[in-house]
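**Q** A predicted structure for the sequence below; I have some questions about it.
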Amino acid sequence: MKLTKQTVGDRIKKRRNELGWTQDVLAEKAGISKSFLSDLENGKRSVGADTLLEIGRVLSLSLDYLMTAEKPQTEAAEVQIPSSLASFAAKAGLSFRQALTLLEMQQQILAHRSATKKAGLDNVDWQKFYEAVKEFLE
Amino acid sequence: MSRLVQEPKVIDLADKLGLGGRADPVVAILDSCLRRIDRWVAEAGGIRCIGRLEELVTRKLQMVFEEIRVDEDFYRIKEIYAKGKKDFVFATMQMRFDDGQNPTYGALVGRKNVADDAPDRVVAVIDCRGKKLARRFFTRWHEIAHRLTTHADSGEPVYRSEHDPVERLMDEIAGHIGFYGPLFEPVFVAAHSGKELLTFETVEAVVREGFPDASIQATLFACCRRLPTPVIYLEAALSHKAAVKRAIEDDSPRLFALEETPPELRAVRVVANEAALREKFVIPQNMRVPESSVISSLFKAIGERDNTSREDMGIWSDSKGKRLEGRAVAVEVRKVAERVIAIVQPVEPVRPKPQRPKPKSWFEE
């Protein structure tokens, strides 16, 4: 897969600068040469999916964002509180901020494997979840 | 593996990884993971053992493992990450893992309060209590497979059952990277050298010489996968036929009570390697194990652990009486807890199908 040159390079450079990294640092972390990174950032080279995946991992950027600029990392997306959490928060008298904190904690789970069928955010037992973390919320 | 190729979730994952449009998304994802590991190994100037490989890969992926071996480990994890590092989600681990309704086996947690270059940006928490300890090696590589194919910003948390296609894909990847070819092949070749058939003895030698933390079962899978000749891995346990199982699992109200049918010894898990699939040397999943097979006799035997036998595939038949094609096979069996695991390998070529006499043409004299 070959990708559009300029925009990918621009986005890599922008994120690298946000992190305060030199080209040397990023090149070393991503396992690519500095000259390749320099060419990539300046739109002189194309990049394959594997290398881009590695750069994305190091920069904490998704492949989608690097390729299409969709869902940039730095802009907050509209928050959607699952209905089960909203109803628990109302019953337990939690503030919006506290409900949001619970949601953010759940979203830290990147992958979760259990015995039976999958459960989404709406199936979380928010009461139990809250009980486990409430000492840190108050 | 072949069924995974058509799973929408697997195709979607390949797309997200920039590997869409390939004929086989499973191979594309697997190759991509292996290429990345190959590159890291080359940069490191080579790797001598699987433990070092795990260290290298987890360092590159900025991930660490936290194992739950005793209940007190939940407290330890809470102290380190929730109290110490202000990542409060770690306080919920016991609730998750000890959920009586739906216990968790492993969770991959992205840390929030962490520097971009921290070695523990992602923490894999795995349950190693009781019987799960035997799966420890494989589970660690399963979580590494997740990390290799998961972005830090995946958004919606991903909850899956162990039967989910993506989890099965991670098992597939773990089976390859956990038994990394350049480390596995020399050990396997040495252990299998001079033998016609794969045996438990060979598998044990591979564990001993190269993969001391791996289970016999996981290593057996790896050996089957690499074997150029046909082999079937089979797990037999008491189970019902599929329709009865569905009826038992279906908790919707019914007019008549379910007829109680005792479970029978069935091939609950069957994995054929590529050579076997090419020759259509297969045993259908959940097929009843023949009474005359050594698999049945070992299952019933008390105090016996291993056995071997020469049998004919023609003794296997489905509920309608249709038999598998006859072929002489070597069967080696081992009892593990409440099940029997078996290595089934043909010892004769595929028998030519009997030619039916050609019907005479109307115009022939």
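**A** Yep, that arrived. Numbers count the residues shown, from 1 in each chain, chains lettered A, B, ... in the order given.

**Q** next structured bit after the helix ranked longest in chain A?
**A** When chain A is parsed with DSSP state H, its longest helix is helix A:5-19. Note on helix A:5-19: by DSSP states H and E, the next helix or strand toward the C-terminus is helix A:23-30.

**Q** please see if that next one touches chain B.
**A** Yes: using Cβ under 8 Å from any Cβ of the partner chain, helix A:23-30 comes into contact with chain B via A:K29. No exception for glycine: its C-beta is placed from N, CA and C like everyone else's.

**Q** which residues are contacting that helix?
**A** A:12, A:16, A:33-34, A:36-38, A:41, A:51, A:54-55, A:58-59, B:117 (Cβ atoms under 8 Å, 6 or more residues apart in numbering or on different chains).

**Q** dump the residue contacts of whatever residue of chain A ends up closest to chain B.
**A** Residue of chain A nearest chain B, by Cβ to the nearest Cβ: A:A49 (3.4 Å). Contacts for A:A49 (Cβ under 8 Å, 6+ apart) come out as A:M1, A:L63, B:L17, B:G18, B:L19, B:S32.

**Q** filter the residues you listed down to the ones in helices?
**A** A:L63, B:S32.

**Q** filter the contacts of A:A49 down to the buried ones.
**A** A:L63, B:L17, B:G18, B:L19, B:S32 (16 or more other Cβ atoms under 10 Å in any protein chain shown).

**Q** widest-spaced pair of those?
**A** A:L63 and B:S32 (11.3 Å; Cβ to Cβ).

**Q** give me the common contacts of these two.
**A** A:A49, A:L53, B:L17.

**Q** which residue is the nearest non-sequential neighbour of the first one?
**A** Right, the one you point to is A:A49. Nearest-residue entry for A:A49: B:G18, 3.4 Å, with adjacent residues in sequence omitted and distances by Cβ to Cβ, 6 or more residues apart in numbering or on different chains.

**Q** which pLDDT value belongs to that neighbour?
**A** Per-residue confidence at B:G18 stands at 76 (pLDDT).

**Q** and it, how far is that from B:P182?
**A** Separation of B:G18 from B:P182 (Cβ to Cβ, to the nearest Å): 26 Å.

**Q** same thing with B:I80?
**A** For B:I80, the distance to B:P182 equals 35 Å [Cβ to Cβ].

**Q** same question for B:R39.
**A** 13 Å.

**Q** how about B:V64?
**A** Taking Cβ to Cβ, one finds B:V64 at 25 Å from B:P182.

**Q** again, but for B:P290
**A** Distance of B:P290 to B:P182, computed by Cβ to Cβ: 41 Å.

**Q** comparing the two, which residue is more hemmed in?
**A** B:P290 (19 against 12; other Cβ atoms under 10 Å in any protein chain shown).

**Q** wait, that one sits on B:W316?
**A** Yes: assessed by Cβ atoms under 8 Å, B:P290 is found in contact with B:W316 at 5.7 Å.

**Q** just checking, what packs against the longest helix of chain A?
**A** Applying 3 or more Cβ pairs under 8 Å, 6 or more residues apart in numbering or on different chains; DSSP states H and E, one finds that helix A:5-19 contacts helix A:23-30, helix A:34-41, helix A:49-59, helix A:63-68.

**Q** buried ones in that helix?
**A** A:K5, A:V8, A:G9, A:R11, A:I12, A:K13, A:R15, A:R16.

**Q** which stretches in chain B count as strands?
**A** Ranges of strands in chain B, per DSSP state E, are B:63-68, B:104-110, B:122-127, B:159-161, B:232-239, B:264-272, B:306-312, B:328-336, B:339-346.

**Q** with mean pLDDT added, can I get those strands in TSV?
**A** What follows is the strands of chain B, written out as TSV (pLDDT from 0 to 100):
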stretch	mean pLDDT
strand B:63-68	96
strand B:104-110	86
strand B:122-127	94
strand B:159-161	66
strand B:232-239	95
strand B:264-272	94
strand B:306-312	95
strand B:328-336	95
strand B:339-346	96
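
**Q** out of these, which gets nearest to B:R3?
**A** Closest among these, using Cβ to Cβ: strand B:264-272, at 11.8 Å.

**Q** for B:D306, the count of nearby residues, please.
**A** So B:D306, with other Cβ under 10 Å, has 12 neighbours.

**Q** pretty sure it is touching B:V336, no?
**A** No: B:D306 is not in contact with B:V336 according to Cβ under 8 Å; the separation is 10.6 Å.

**Q** what about whichever residue of chain B sits closest to chain A, distance to B:Q94?
**A** Nearest to chain A in chain B, going by Cβ to the nearest Cβ, is B:G18, at a distance of 3.4 Å. Separation of B:G18 from B:Q94 (Cβ to Cβ) stands at 38 Å.

**Q** who are the contact partners of B:E204?
**A** Contacts for B:E204 were tallied using Cβ under 8 Å, 6+ apart; they are B:I216.

**Q** test for you: state the pLDDT assigned to it.
**A** Model confidence at B:E204 (pLDDT) stands at 97.

**Q** just the closest of the contacts of A:A49 to A:F96, please.
**A** Closest to A:F96, out of all of the contacts of A:A49 and judged by Cβ to Cβ, is A:L63, at 32.5 Å.

**Q** which ones are touching that closest one?
**A** A:A49, A:L52, A:L53, A:G56, B:K16, B:L17, B:G18, B:H151.

**Q** can you lay out those as JSON lines showing distance to A:E28?
**A** Listed next are the contacts of A:L63 as JSON lines, based on distance: Cβ to Cβ, whole Å:
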{"residue": "A:A49", "distance to A:E28": "21"}
{"residue": "A:L52", "distance to A:E28": "17"}
{"residue": "A:L53", "distance to A:E28": "17"}
{"residue": "A:G56", "distance to A:E28": "16"}
{"residue": "B:K16", "distance to A:E28": "26"}
{"residue": "B:L17", "distance to A:E28": "23"}
{"residue": "B:G18", "distance to A:E28": "23"}
{"residue": "B:H151", "distance to A:E28": "21"}
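
**Q** which of those residues sits closest to B:F138?
**A** Closest to B:F138 out of the contacts of A:L63 is B:L17 (22.4 Å), distances taken as Cβ to Cβ.

**Q** pretty sure that closest one contacts B:L30?
**A** No: at 11.1 Å, B:L17 does not count as touching B:L30 under the criterion of Cβ under 8 Å.

**Q** domain assignment for chain B?
**A** Here the domain parsing of chain B from automatic domain parsing is B:4-177, B:229-247+B:264-352.

**Q** equivalent analysis for chain A, please.
**A** A:5-68, A:83-137.

**Q** and the contacts of A:A49, which is closest to B:E196?
**A** B:S32 (35.7 Å).
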